[in-house]
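Asker: Build me a model:
(one chain, ligands or ions: 1)
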Amino acid sequence: MKKKLVEQVTAYFTEQFKNAPDHIFLSPGRINIIGEHVDYNDGFVLPAAINKYVCFAVSANADTKCTIIAKDLNEFYSFDLTDELKPVDLMWVNFFLGVLQQLKDRGFAMTGFNIAFSSTVPMGAGLSSSAAVECGFGYALNKIFSLGLSKQDIALIGQKSEHTFVGVNCGIMDQFASVFGKKNKVIKLDCNTLEYEYHNADFKEYALLLLDSKVKHTHLTSGYNDRRNEVEKGLAQLKQYYPEVNTFRDLSEAQVVAYKEELGDVIFRRCLFVVREIQRVLDAVAALQAKDFTKLGDLMFKTHDGLSKNYEVSCEEIDFLVDAVRNDENVIGSRMMGGGFGGCSINLVKKDAVNSLIERVSKEYKEKYNISLKAYKVKIAKGTTLYKA
Ligand code: GLA
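Answerer: Numbering: from 1, shown residues only. Predicted structure coming up:
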């Protein structure tokens, strides 16, 4: 699949620009085992890069002209490197312009370039196709123009460009996972210090299965930023009661519960979810190390319920998908994944029951919502790379 994607993008670039590309880069999408909506709350997350990629064919130009072609959308965007960069209506273009602006702000010397790209990371499915584009592009320019950026710089540049050119005040998880991904490893990332460690992603007789609700998260931008504002308010209030507290990391559940009335129902539930989710990630890592997958799965269900009822970022269709597997003896964990308001659920399923499960849930989902479910049997893969120089 990866090879085919590379071949197609290479041929397409050659046809469009009348020259073969000088470089090919691959940048993966991501999953997250647990630790949702806590990356911007100084928590821990447990993501991994997957074997779905954005592939970039790139050549540098001698002048300052730049052209980017989105093969899958049959759209292109041309501009001059010296132009003042501003967000544009074509959303995918902003992923590139945001990164470029960051590099221009840092005063890097670059020339123009031609790019053609195509993706096997489904868009709007909660698999971070946008982070894959941002990081792949940043990684490509770093290599081609020898900018000397570290992997961490590339991830942070991707995150910042999402804030400035896309309008989502995202955390660092997606970009970090895309760049730092390692085959068969999940990354335990401390979102406060950016320290990280790899853990074996060996779930023994269980496989990871994503079920795509096909509900596109249209409320993601607004809903996501609203949640950020709510928890920010909550933390500020809690800091008044507990002067020693700096971040959500320093708070216990009991400390949040003690000020339930003062926080008000909504802010209280948001804060409660955050402190519980931070703890759940630590418990999940311990369960993973102990190979206690039943425990890990149970934590995933708890995360889902928290995201759905207290953080309120799920949606009816995703709740349906999680409920559909809750009492299935072959499924030990399930929850919505990513920003929410649609996208995928992530499931831990007995390997030999994966196909029959897809069949059953697809039928039930179709009957209920008249939507054809998509299922992805993902593998954990390496982060952003130069595939061919
Ligand atoms: C989106 C954001 C991430 C993270 C998740 C929720 O994917 O880009 O930074 O906040 O939502 O965990």
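Asker: Show me where the stretch 151-300 of the chain has its strands.
Answerer: Taking DSSP state E, counting those that start in this stretch as the criterion, the stretch 151-300 of the chain carries its strands at 185-190, 196-200, 206-212.
Asker: how about the residue in the stretch 1-150 of the chain that the ligand sits nearest to, phi and psi?
Answerer: The minimum distance from the stretch 1-150 of the chain to the ligand, using C-beta to the nearest ligand atom, falls at E36 (4.0 Å). In short, each C-beta sits where N, CA and C put it, glycine included. Per-residue torsions, E36: phi -100, psi 140 (degrees, to the nearest 10).
Asker: what's the answer for P243, then?
Answerer: According to degrees, to the nearest 10, P243 has phi -60, psi -20.
Asker: What about it, how many residues nearby?
Answerer: If you count neighbours by other C-beta atoms under 10 Å, P243 ends up with 7.
Asker: again with the one 5 residues further on
Answerer: Around F248 sit 22 other residues, with neighbours defined as other C-beta under 10 Å.
Asker: can you pull the contacts of it?
Answerer: Going by C-beta atoms under 8 Å, 6 or more residues apart in numbering, F248 touches V38, N41, D42, G43, V231, L235, C271, V274, V275, I278.
Asker: now N169
Answerer: Applying C-beta under 8 Å, 6+ apart to N169 gives the contacts Y40, H163, Y224, N225, R228.
Asker: The first one reaches V168, doesn't it?
Answerer: No - counting by C-beta atoms under 8 Å, Y40 sits too far from V168 to count as a contact (10.6 Å).
Asker: With neighbour numbers in mind, choose between those two.
Answerer: Y40 (20 against 17).
Asker: Look at the residue lying closest to the more buried one once chain neighbours are set aside and say how many residues are nearby.
Answerer: Nearest non-adjacent residue to Y40, counting by C-beta to C-beta, 6 or more residues apart in numbering: G171, 3.8 Å away. Counted by other C-beta under 10 Å, the residues lying close to G171 total 23.
Asker: Next one, pLDDT for G171 please.
Answerer: The model reports G171 with a pLDDT of 97.
Asker: Just the closest residue of the stretch 251-389 of the chain to the ligand, please.
Answerer: For the stretch 251-389 of the chain, C-beta to the nearest ligand atom, closest residue to the ligand: G339, 3.4 Å.
Asker: What parts of the stretch 51-200 of the chain come near the ligand?
Answerer: Counting by C-beta under 6 Å from any ligand atom, the stretch 51-200 of the chain comes close to the ligand at S128, C170, G171, M173, D174.
Asker: And the helix or strand bottoming out on mean pLDDT in the chain, what does it pack against?
Answerer: Here the helix or strand of the chain ranked lowest by mean pLDDT, DSSP states H and E is strand 385-388, holding a mean of 92. Under the contact definition 3 or more C-beta pairs under 8 Å, 6 or more residues apart in numbering; DSSP states H and E, strand 385-388 sits against strand 23-32, helix 129-144.
Asker: switch to 7 Å and redo it
Answerer: strand 23-32 (3 or more C-beta pairs under 7 Å, 6 or more residues apart in numbering; DSSP states H and E).
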